[in-house]
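Trainee: Quick one: sequence and predicted model below, then my questions.
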Amino acid sequence: MHGRWLRVALYSALAFALLTGTCVATAYAECQLNSASGKIKHLVYVEFDNVHYTRDNPKVPSDMEQMPNLLNFITKNGTMDTGDKTVLISHTANDILTTEIGVYSDRHGIAVANSFGVFVPPSDVAFPSSFFYWTDRVEDINPPPTTDALPALLTEKQENVPAPWVPFTRAGCDVGAFSTANIVLERSPFDVAKVFGANSSQALEKSDPQNADFIGEAIHCAVGSPLCTPANGAVSDLLPDEAGGYSGFKALFGAKYVNKAFGAPIQDLDGNLLKNVDSGLVGFTGFDPLATQTLGAVATMLEKGVPIVFAYISAAHEDANGAFGPGQAAYVAKLKAYDKAFGQFFARLKADGIDQNNTLFVFTPDEGDHFAGGPPSPSGCDGVKTPCTYSQIGELDVNLSGLVGNAYSPKTPPKFSIHFDAAPTVYVSGQSAPTDPSVRKLERVIGQLTAMNPITKATDQLTAALADPVEEKMLHMVTADPARTPTFTMFGDPDYFFLSSGSTTPTEFPTEAWNHGDFQPEIARTFIGIVGPGVRNLGITNKFFSDHTDVRPTIISLVGLKDDYIHDGRVLLEALDSSALPESLGEDRKILLLLGQVYKQINAPFGQLGLNTLKISTHALESDDPDDTTYTELEAQIEDWTERRDSLAAKMKAMLEKAEFDGREIDKRRAAALILKAEALLNEVASVAGSL
């Protein structure tokens, strides 16, 4: 009787905490997910680096086709949404952050990745890494001369972005993370010193032990969790800007303490101890884990009572020696090993009583990418029966700054820095205004650059699209930190990788052959695989538009929790059973589907509005008529469209959010009016884009 009343009191305190947004330091409560079915007890979230559902060579089975254990698990038990899109810039750190929290780059601060430019007065530009711990500030990542004290993960109010583990830990659920960006410690010695103390024994370790012991793994614990004890090395889980407060929570950072809490080191699925790839020390593998390593860690965390796990698996199309082409023997072998790992993983979890009947599984890649290389040999190879080989493979590295200098010669271009990428962002020294004549000339020059392709022998137009801050705002690339806004962005030919050093003659770089960051379909296109209670068994579908921001609200809706903010994404109603949704959503499903789809077309970077305005922006920036009339008029139009879009999108997502998470019935007449206004905006912009 005493135990029963203690449990009732405990759950009452927890319910009060969830309703008020505060946390109550009570005894440990078991994980209380509130899914509509009551069946979801675990969440397994796996993010791949550059794993493709679509084929890169029509004759070679895609990555997912070569992993039937995973593909069949998704298609037989849930939904494989192959219409998913990334965000811009389409890069690992940005894409992972967007899926983790469900907001676009302008609301999480990292629009450019895997590092980002920051203007440093009076005339410098710094490029801090986009891989850092959740609460780091820009000046922490990149010490002086950088003097930017804002959080690296930055909301529109210039506060630290809410952390993705918070709703779960508040609900009494421990949250494990393996190799997933920004929710584990990323860098030694700084992150280690920040979390454990500058003079701590952890910070005084040499770098190799630090990387094995403290980097890359974490458990963010519920209050009172038996894992997060002082004896196991737990420290305070500090989130000073979290809405409603976040005190009394602890975390374990690193394999040293995770292994201690579990009573033994984590092993891969074949029973091998996880070891650091550089030092060979037992501990974290490094941030390019193989499927057997990541899935071994996920299975272990679940078995040790951690019900929520976020994890990352590295790409299969490369190894330490370089990149592979589609169908190359080493590539096929690596995918075969990944497929074996997923077979072992699902069988092991099944034996543990963890499967699609009580667990929500989500699988998605950070982004797609473009293969840069020549044709395979033999020409009809499929990779599986007949291996493919490549005599020419690798991105084409070229010195963009040198090409610009040659185009200006004998004059000198303005001083500028670039973020090295297939889609380089450009930062003109002194943070010159977009309308500055020197900036306008630089945009025109870059827009006309060409190079001889050493593989095809054709002359390539290097610039595919251009966006200055006006269009960057439309694409959600302008954050609340003005110092991070690029002067303009060059979306390049995806075969090329642009630098500010080296040769102005394109040169194959064989260790890198898969380019992203750009806006081409093969880069923007990804997938979302969802399996679990409440998920419809649609198999493979691409009948609706989704992007990375939709992953988070769909997860949070299915598990019956709530975030402290409004998402930019929407719940993917198309993939969910009516029984998994609030009553209000079931009644209003048709109008909500229409509203959600039109909302994505006006607000997603790869929606119809974003793609059309990017075309218009390119025409504007490359124009060179007297008094810059074309540029001025088109930029003013994009600004007006963005203002109208922002107003419509704010109303639409507020309506969606209230229906999805507050059970509020939708005002159908108001929703219909918003849809009509959005469609009018889409048609207006499409008409202008079509006339160019």
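Mentor: Right, received. Where do you want to start? Quantities reported herein were computed from a predicted structural model and do not represent experimental measurements.

Trainee: can you map out the helices along the stretch 151-300 of the chain?
Mentor: 166-170, 190-196, 201-204, 207-213, 255-262, 291-303 (DSSP state H, counting those that start in this stretch).

Trainee: any idea how far the residue lying closest to Thr300 once chain neighbours are set aside lies from Thr489?
Mentor: The shortest distance from Thr300 to any non-neighbouring residue, by CB to CB, 6 or more residues apart in numbering, is to Ile266 (5.0 Å). Where C-beta positions appear, they are placed from N, C-alpha and C, glycine not excepted. According to CB to CB, to the nearest Å, Ile266 and Thr489 sit 41 Å apart.

Trainee: Please apply the same query to Phe116.
Mentor: On the measure of CB to CB, Phe116 and Thr489 end up 12 Å apart.

Trainee: ditto for Thr629
Mentor: Distance from Thr629 to Thr489, by CB to CB: 23 Å.

Trainee: and stretch 164-181, how far from the chain's centre?
Mentor: 17 Å (CA atoms, centre = their mean, to the nearest Å).

Trainee: Kindly apply the preceding question to stretch 357-367 instead.
Mentor: 14 Å.

Trainee: Number the residues from 574 up from this point.
Mentor: Right, with 574 as the first residue, what we last looked at is stretch 930-940.

Trainee: Give the buried residues for it.
Mentor: Of all the residues in stretch 930-940, those buried under the rule 16 or more other CB atoms under 10 Å are Asn931, Thr932, Leu933, Phe934, Val935, Phe936, Thr937, Pro938, Asp939, Glu940.

Trainee: what's near enough to touch Leu1184?
Mentor: Residues in contact with Leu1184 (CB atoms under 8 Å, 6 or more residues apart in numbering) are Phe1092.

Trainee: mind redoing it with 10 Å?
Mentor: Ala1038, Leu1048, Phe1092, Ala1097, Gln1174, Ala1177, Pro1178, Val1258, Ala1259, Ala1262 (CB atoms under 10 Å, 6 or more residues apart in numbering).

Trainee: do the same with Leu1111
Mentor: By CB under 10 Å, 6+ apart, the neighbours of Leu1111 are Thr648, Gly651, Thr652, Met653, Asp654, Ile1103, Glu1147, Ala1148.

Trainee: Any chance of JSON lines for those, columns neighbour count?
Mentor: Formatted as JSON lines, the contacts of Leu1111 follow (neighbours: other CB atoms under 10 Å):
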{"residue": "Thr648", "neighbour count": "19"}
{"residue": "Gly651", "neighbour count": "24"}
{"residue": "Thr652", "neighbour count": "22"}
{"residue": "Met653", "neighbour count": "24"}
{"residue": "Asp654", "neighbour count": "28"}
{"residue": "Ile1103", "neighbour count": "26"}
{"residue": "Glu1147", "neighbour count": "19"}
{"residue": "Ala1148", "neighbour count": "24"}
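
Trainee: what's the farthest-apart pair in the residues you listed?
Mentor: Thr648 and Glu1147 (15.7 Å; CB to CB).

Trainee: quick one, strands of the stretch 824-973 of the chain?
Mentor: Taking DSSP state E, counting those that start in this stretch as the test, the strands found in the stretch 824-973 of the chain are 881-886, 891-892, 895-896, 932-938, 943-944, 968-972.

Trainee: need the longest helix for this protein.
Mentor: helix 1202-1235 (DSSP state H).

Trainee: just checking, next helix/strand downstream of that one?
Mentor: Later in the chain than helix 1202-1235, the nearest helix or strand by DSSP states H and E is helix 1241-1264.

Trainee: That following helix - contacts with which helices or strands?
Mentor: helix 1162-1176, helix 1181-1195, helix 1202-1235 (3 or more CB pairs under 10 Å, 6 or more residues apart in numbering; DSSP states H and E).

Trainee: Surely Pro717 is in contact with Val693?
Mentor: Yes - counting by CB atoms under 10 Å, Pro717 does reach Val693; the two are 9.1 Å apart.

Trainee: Check the contact lists of these two and give me the overlap.
Mentor: Shared contacts of Pro717 and Val693, counting by CB under 10 Å, 6+ apart, come down to Ala699.

Trainee: When these two are compared, which one has more neighbours?
Mentor: Val693 (17 against 8; other CB atoms under 10 Å).

Trainee: residue contacts, that one?
Mentor: Val693 neighbours (CB under 10 Å, 6+ apart): Ala699, Asn715, Pro717, Pro718, Thr719, Thr720, Asp721, Gln1004, Ala1056.

Trainee: Can you pick out the most distant pair from those?
Mentor: Every pair of those checked by CB to CB; the farthest is Pro717 and Gln1004, at 18.5 Å.

Trainee: Next one: Gly770 from Ala776, what distance?
Mentor: Distance from Gly770 to Ala776, by CB to CB: 6 Å.

Trainee: Check Pro782 too.
Mentor: Using CB to CB, Pro782 is found at 11 Å from Ala776.

Trainee: more crowded one of the two?
Mentor: Shown here are Pro782 and Ala776; by other CB under 10 Å, Ala776 has more neighbours (19 against 16).
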